[in-house]
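*Asks:* I'd like to go over a predicted model; first the sequence, then the structure.
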Amino acid sequence: MRFIICSFLLLSYLFICGCDKKTTSHAGFKVKHVHIETMGELPLEVPESSGLIVTSPNRIWTHNDSSNPNELYLIDSTGVLQRTLMISNATNIDWEDLAIDSNGYVYINDAGNNNNDRKDLKIWRIPHPDKATGNSTFAHAIAFTLEDQTEFPPPRSNRNFCIEAIIWKSDSIFMFTKDRSEPLTGYTKMYGVPASPGSHTAKLLDSLYIGNRNNHSRVTGADINFETGEVILLTRSHLLSFTNYPGNRFFKGEITDYRFIERVGQVEGVGFINGSSLYISEESDEDSRGFLYRVNLAQ
């Protein structure tokens, strides 16, 4: 009897493991596994890449995060630096993502908020950087407060006000939080704010439970494919894809969890190249520079 029970358990384990390598479901998400292709090292000028926009397959704009220069960096598809553009009137308090709209305006998210205590959250809007003729450009500020935050900082159990991921859609900026609560709640919250300069209150629109592991559930970047409407959220171990959603209710659509087969470091920037491929950028660590990666969701 003991042999039969052990055999059954072993077969069950092998069956589960075998299924996990294919398309499965988890917490209502469809799960797929994808390979990550290394394209090249990021330049020394970008040790802490925290956001990406892709204006063509060989033109990728990125930036560093907190307390670094107020500059955007153009790299090619192998990570080689092509150009530096200074944002003349902006300060990099904690830049954490980039977004682009249908008119070519680019939005720099200055709402990184590790300690959940900032009262100066803003998004900088600039003209399309590809069209800048000099080495600098001027930005307009979209200042905002979060409608559900009343304490700065709140108790550790409610520290979910750090925004590291944004997209533009339908004349609004949609923002996604990186959960820093202790213990981890596993949720990302979604806010919406008008994509126009001025002072605004960002409305809490939705939330989504992702998981209870730091690397898996803490959102660090986002992008949207304007042709298909697919929205992507990035964490250190996977991409969450949202399709076939009603209106702007992304979390109510079909959700696919693309899990990385290869291990990567602190990845924070993500941008669509085409309908199925994306670039992902990584911060450097003590041992090496960060890398630019490519992921094909259709593999």
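*Replies:* Arrived safely. Residues are numbered from 1 along each chain as shown.
*Asks:* now do the spatially closest residue to residue 195 that is not a sequence neighbour against residue 226, distance only.
*Replies:* In space, and not counting its chain neighbours, residue 195 is closest to residue 173: 5.0 Å by C-beta to C-beta, 6 or more residues apart in numbering. Every C-beta, even on glycine, is put in place using the N, C-alpha and C of the backbone. Counting by C-beta to C-beta, to the nearest Å, the separation of residue 173 from residue 226 is 15 Å.
*Asks:* now do residue 32
*Replies:* 23 Å.
*Asks:* the more surrounded of these two?
*Replies:* Neighbours of residue 32 and residue 226, each counted by other C-beta atoms under 10 Å, are more numerous for residue 32; the result is 18 against 13.
*Asks:* in a helix, residue 157, correct?
*Replies:* Yes: looking at residue 157 with DSSP: H, G, I helix; E, B strand; the rest coil, it is inside a helix.
*Asks:* what about it, distance to residue 185?
*Replies:* Distance from residue 157 to residue 185, counting by C-beta to C-beta: 8 Å.
*Asks:* more neighbours, those two?
*Replies:* residue 185 (19 against 11).
*Asks:* so what's that one up against?
*Replies:* Going by C-beta atoms under 8 Å, 6 or more residues apart in numbering, residue 185 touches 160, 179.
*Asks:* same check on residue 298?
*Replies:* Applying C-beta under 8 Å, 6+ apart to residue 298 gives the contacts 276-277.
*Asks:* again, only using 6 Å
*Replies:* Contact analysis of residue 298 by C-beta atoms under 6 Å, 6 or more residues apart in numbering lists residue 276.
*Asks:* now swap in residue 45 and tell me
*Replies:* With C-beta under 6 Å, 6+ apart, residue 45 has these contacts: 73, 81.
*Asks:* pLDDT wise, what is it at?
*Replies:* Predicted confidence (pLDDT) for residue 45: 97.
*Asks:* from residue 98, how far off is it?
*Replies:* For residue 45, the distance to residue 98 - C-beta to C-beta - is 16 Å.
*Asks:* repeat that for residue 269.
*Replies:* 8 Å.
*Asks:* swap in residue 185?
*Replies:* Note on residue 185: its distance to residue 98, by C-beta to C-beta, is 27 Å.
*Asks:* what number of residues lie near residue 118?
*Replies:* 21.
*Asks:* so it: helix, strand or coil?
*Replies:* coil.
*Asks:* so which strand or helix has the nearest residue to residue 79 once chain neighbours are set aside?
*Replies:* In this structure, residue 79 finds its nearest non-sequential neighbour in residue 40, 3.6 Å apart by C-beta to C-beta, 6+ apart. Secondary structure from DSSP states H and E places residue 40 in strand 36-41.
*Asks:* quick one: buried residues of that strand?
*Replies:* 36, 39, 41 (16 or more other C-beta atoms under 10 Å).
*Asks:* who's in contact with the first one?
*Replies:* Meaning residue 36. Residue 36 neighbours (C-beta under 6 Å, 6+ apart): 260, 262, 293, 295.
*Asks:* and the gap between it and residue 176?
*Replies:* Distance, residue 36 to residue 176, using C-beta to C-beta: 21 Å.
*Asks:* got it, and the last one?
*Replies:* Using C-beta to C-beta, residue 41 is found at 28 Å from residue 176.
*Asks:* check what pLDDT the nearest residue to residue 214 once chain neighbours are set aside gets.
*Replies:* Using C-beta to C-beta, 6+ apart and skipping residues adjacent in sequence, the residue nearest residue 214 is residue 184, 6.5 Å away. Here, the pLDDT recorded for residue 184 equals 96.
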